Every structure is written in structure tokens, then in C-alpha cells.
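S.K.: Any chance you can model this:
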Amino acid sequence: MAAEVYEFGGFRLDSGQRMLIDGAGKAVALAPRVFDTLLYLVENAGELVEKNALIDAVWPDVTVEENSLSQNISTLRRTLGDKTGDNRFIVTAPGRGYRFVAKVSIAADDINVSADDAQPAAKPLAPALDKVRVSVAVMPFANLTGDPEKEYFSDGMAEEIINLLTRTTVIQAPSRTSSFAYRGRNIDVRQIAEDLGVDAVLEGSVRAAGERVRVTAQLIDGVSGFHLWSDTFDRDMTDVFALQDELALSILEAMQTHLNAPVSKKRSPRARPKDHEAYRLYLQGEYLLRNNDADIPASIELFREALERDPDFAGAQAGLARAKGFGLSYVKPTRAGLEELEREARRALALDARSEAGHGALGTFYALTGKLCEAEGHMRMAYEIGRDPMVANAMSVIILGNVGHLRRAIQVMEEAYRSFPLAPFLLVAIAMVYLSEGDEERAQLFAARAMELGHLKNSVPMCDVLALMAARKGRYDEAADLVLGSMPPHELSGGVTLAVREAYLALGDESRREQALKLLYDPGVTERLAITPINYKRVMLWRTMLGDIDGAYEWTKRIVATLEEEGAVGMIWAVIWLEEMEPFRADPRFMDIAARLGFVDYWKVYGPPDGYNLKDGKLSRL
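M.R.: Residues are numbered from 1 along each chain as shown. Alright, predicted model coming up:
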């Protein structure tokens, strides 16, 4: 079909330039497959397009599940402004397919978009950068040492190459979090390149024998899947930094030769450790911290050992700050712990002002202490430096989700998800925010995708997402099972199991309400449920859902007062914005809690929560 420019509902779609333009003449970023989905629907406007036909058109050479198409449709509905029930653009034919119902016409003139706004759909995942920049995804290097415990070294080699490449002026590389998610997955390189929005993919392997190390690397074209370049590098272990520099330089030259891009060899300086043993300890610490079963205490000890050998080692200091931040994110913080976190984060930034981990750790400190504007500033800086989707997730969950800026939270997380499609933790967080907005269909979609990627349903917060959806559908036993299944045995003693189950069953049986509340007030139960952040927020939710608003406030004030004694406010109060918590938010006492948690100061700068006005120190519904 010849290239056309289509007009519909205030939008223009240029099939030749692969661009969607809004009514203000601004280019709207769409992932390639999402653009293809929209184009096919527009080209067949008014007709029912069967799901299989649409999948075949959008993914002609790839086998995908129907869920991938559903995600594209959801993205298009949000992009076009189609709210639930509006159906101004796309109508679902249950069990069959989709129909594009907006009136479509062929534009008579060309689209006028400024060069600054023009963003073709071919590379929508990359941040707005100069067009001469090229991009490469560095995959985890295979560990061929024969020793599984040496995987930390091969991972560290790949991460260092990412760091070296991105310190040039013209190379863009997805974060370690994004590219390492493909470890062990049998996915075509071309699909990985499309997922991550890159021109090429770098694979490699590491062998070691005695004091010698051999690294083999190969650069693969992201479109054709053909090998562009490969080479092998041999060095002594003591020359590992020179090996990394040589490898990075060779990759730059290969990209210049094979990708027709002007590649500068100029790199911003990167401080290297003075002690090779310190570097080895640092790599082990990073490996333990980033593993699925993160061993935070062990990683902290390794970073400290590295710093004892080299006190000015910026990487180890950044790792220590990150580990401290992680450690305080899941427990009740202490004053001493907060002071240590701030100290380590500021030292990391003193050694390297562009330390992603340093800014992220300092942002965590500010979030824990209720200084949310400062927290957002440092989280933003961390994301701009490293483009790590975990940072975007943290900013959305511990800041935007806390203060009720749910639409912006979704926007940030979905942008991160587009650059990190194998991110179950992002999908679960998105599902929770959609639940807060009352959009159970989209919440279910993202939760299901997270479980497809291996997120366990009895893990936190997945179990809470599923429990809420089950409770809203009247499946109270199932909701109780999900929550109880996430709690370790020591939390279930002292009557907790019975109290949790009765709390859910009472939602469907008014006659059980008094007994359920009695159990939730039992000293043995409250003592155990006040220990961890997830449980004390669950109690606040349960009491509110059971209509005990006074009890919910008594409990919340008790928890906040305990945190304040340590100079903290805690994190992840997003439960407050669930629709079940509307009676809690409508109570006059809410503004006092919001002020103590740092919400009000944030609202004064960035505006009130979605759906509210803030006037004279009071919130009111729009």
C-alpha cells in the first residue's frame, strides 16, 4: 500500500514517515509494533479486524501470545485518550478482534512538524538524543571459566563495557537492568534489539586460566541478525582495565565501520580503582546485590572491604550507598540507619557527582524522611544518568504513588517498561496503580503479564494486587489465601491467620464485622502486624474496608508516630489512594496525616493529587 497521511479525531498518522502527530503538531512516541497495530487498524477503519489477522500483520515473523496484542491496544487507547467506556477510536469485539471506529480521511497536505519534534516510530524507545548517536545493547557475558562462582566477573566485564560506551558522546546503551533481563532466555537477537530500541547487540564470553583472562565479543546487527564484527582479547588479570578499554575502543570502531555512524573516541574520564583486589570485591558485592535473591548484608561487607583497600574507589562507595538504600526500603528505618544512608550517599556523590547509585540512594533517604520534592530531584537525576527502569519504578512507587500523582506514575513506569519489557516488578507496580484508578481490566492485564514472566503470585506486592481484585469480585476466601500465602510462618502466629481471614470474610458478611474487628484489635495480632511496612499498611486498609475509620486513624497515627521517633515517615504509602480508602481520605483528619508524611509540601510545589483541589490547606474532590 502506498504511503498515506491519515487524519482522525485530531490526530495525523503518516505511514511513510512512521509518525503519529497530535493536534498541536507534536510527534507522539510509539513503539514500532504499537505503530504497526495502529496503522493496520486505521487502514481497515470501520471493519472488524480479527485478532489473528492483526497479530499476523504486526508480527509476521515472530510467534507471540495474544497478550502482546492486548498490551498494544491498551497503549493505543491511552495514547489516543480513549477512556474506559468512551470507545471513540477502538472498539473491542469480545473474543474476536477490534474495530477502528473514528472517522478516517486522507490528508490533502503534508504534515508540518518541527525538526525538534519529529520522532519516527522506528526508534521510539531511545531518549531524545542527537540523531548521529547509535545504540547497542550489551548482553551479559557468558561465564566460560568452568567455575559458576566466577559469574560475578563476567557480569562485571559486561557492565563495565556499558559504562565505558555510555561515557562517549555518541553511544547509547540500555542499562544493565534492561539488557541482563534476557539472560537465559531463548529470544532472537532481532527481537531483543526491537524490544530495547537499539541498532545492535553485543554478546561476549569470558574464560580464565591461572592469571590469564580471555574475552571474546561479537557485535550483531539488530535488524538483519548478521554478525558485524568479532574479536578476542587476551590479557593478564592485572591488566583487566586495559583489556576493558581496548574492547570498548574496538566496539566503537566496529560501530563506525558497520553502522555508518560517526563515532567519537572521546570519553569522559572514569576513575578506576587502584587495587585489583578491591575491584574483585566490588564485583562480588554488585553481583550479590543485583541477584534475584539479593544478599544485602553480604554485599555491604564486600563493598566495605573494597573501600578499606581503596578508600576513594567510587564504584564501591556507590555500591555501598545503593545497598544501604535497599536495606532500609523493606524494614522500619532507624535514625542511625538513616544517618548512615545519607552519609554514604553523599560520599558517593563527592567521589563521583554523576553517580547514579549515589543520587538514587540520596533520593531514597529523602523519601524515607518525607522530603519528597528533594527525593524526586535526585531520583530524576539518577534516571537521566543511567536510564535504569528500576530507578523509574522507585520514583513512581515511593514518590508519585505516595502523593496520589497516579497518572504521572503510570506514564513514568510505562515509559520505563517500553525500554525494559521483561520487567515483572514494573508490571506489578503498574497493575497496582491501575487498581487505584479503578481500572481492573488493565490491572489484570499487567498482573497476568508479570506472572508470565515469572513473578510469583504469593510474592509482595503481587499477592496484594490479586487479593484486591479477588475481593472486589466477592472472592473473599481467595483474597485471604493470597495474603496469608505471602506471610512467613513467624508472622502467622498469635491469631494472625484467623484475623486476616475474618477480615476478608466480613467484607461479604456484615454479621462477621464485629468479630473481625475484635480480632484485628487483639494485642497479639497488632503486635505482629505492626512490625513490617506491608503488614501495618494492610491493617489500615482492612479497618477502612470494614468501616472502622476511627480505628484506621488510630492505627495509622500510632505507626506514623513510631516512625517519627526515628526521624522517618516510611515509604510506599500508595495504599492510601486505592478506591477502598476513599472514606479514609474524605475524613478531616487526613490532612494532618498527609502533612506529617510530607505529601502537603509536595502538593504545594507539584500540585494536588489526581482528582483533587488543594485550597486553604484542604483537599476537595473535583
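
S.K.: Give me the pLDDT for Arg167.
M.R.: Listed pLDDT for Arg167 reads 73.

S.K.: Same question for Glu415.
M.R.: The model's pLDDT for Glu415 equals 81.

S.K.: quick one, what contacts it?
M.R.: By Cβ atoms under 8 Å, 6 or more residues apart in numbering, the contact set of Glu415 is Ala392. The C-beta positions use only the backbone N, C-alpha and C, and glycine is treated the same way.

S.K.: ok but it is inside a helix, no?
M.R.: Yes: assessed by DSSP: H, G, I helix; E, B strand; the rest coil, Glu415 belongs to a helix.

S.K.: Any regions of this structure where pLDDT drops low?
M.R.: 1-3, 61-65, 67, 83-86, 94, 108-133, 168-170, 260-271, 292-294 (pLDDT under 70).

S.K.: Go through it and flag its longest helix.
M.R.: helix 240-258 (DSSP state H).

S.K.: Any idea how far it is from the middle of the chain?
M.R.: 30 Å (Cα atoms, centre = their mean, to the nearest Å).

S.K.: which element follows it toward the C-terminus?
M.R.: Scanning forward in sequence from helix 240-258 by DSSP states H and E, the next helix or strand is helix 276-290.

S.K.: so what secondary structure elements neighbour that next one?
M.R.: On a contact count with 3 or more Cβ pairs under 8 Å, 6 or more residues apart in numbering; DSSP states H and E, helix 276-290 meets helix 151-166, helix 296-309, helix 314-329.

S.K.: So for that helix, what gets flagged as buried?
M.R.: 278-290 (16 or more other Cβ atoms under 10 Å).

S.K.: and the residues you listed, which two are the farthest apart?
M.R.: Comparing every pair within these by Cβ to Cβ identifies Ala278 and Arg290 as the most remote, at 18.6 Å.

S.K.: returning to what we had before: closest one to Ala102 out of the buried residues of helix 276-290, please.
M.R.: Using Cβ to Cβ, the buried residues of helix 276-290 come closest to Ala102 at Arg290, 45.4 Å.

S.K.: residues in contact with the closest one?
M.R.: 155, 176, 180 are the contacts of Arg290 under Cβ under 8 Å, 6+ apart.

S.K.: Closest to Gly508 out of these?
M.R.: The nearest one, if we look at those relative to Gly508 and count by Cβ to Cβ, is Phe180, at 44.2 Å.

S.K.: my guess is the closest one meets Pro140, correct?
M.R.: Yes: using Cβ atoms under 8 Å, Phe180 is in contact with Pro140, at 5.0 Å.

S.K.: between the contacts of Arg290, which has the most around it?
M.R.: Asp155 (22 neighbours; other Cβ atoms under 10 Å).

S.K.: need the contact list for it.
M.R.: 140-141, 180, 283, 286-287, 290.

S.K.: Repeat that for Tyr282.
M.R.: 156, 273, 302-303, 306, 313, 315-316, 319.

S.K.: Include distance to Met395 when you put the residues you listed into JSON lines, please.
M.R.: JSON lines is the format used below for the contacts of Tyr282 (distance: Cβ to Cβ, whole Å):
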{"residue": "Gly156", "distance to Met395": "26"}
{"residue": "Pro273", "distance to Met395": "30"}
{"residue": "Leu302", "distance to Met395": "27"}
{"residue": "Phe303", "distance to Met395": "24"}
{"residue": "Ala306", "distance to Met395": "28"}
{"residue": "Phe313", "distance to Met395": "27"}
{"residue": "Gly315", "distance to Met395": "23"}
{"residue": "Ala316", "distance to Met395": "25"}
{"residue": "Gly319", "distance to Met395": "20"}
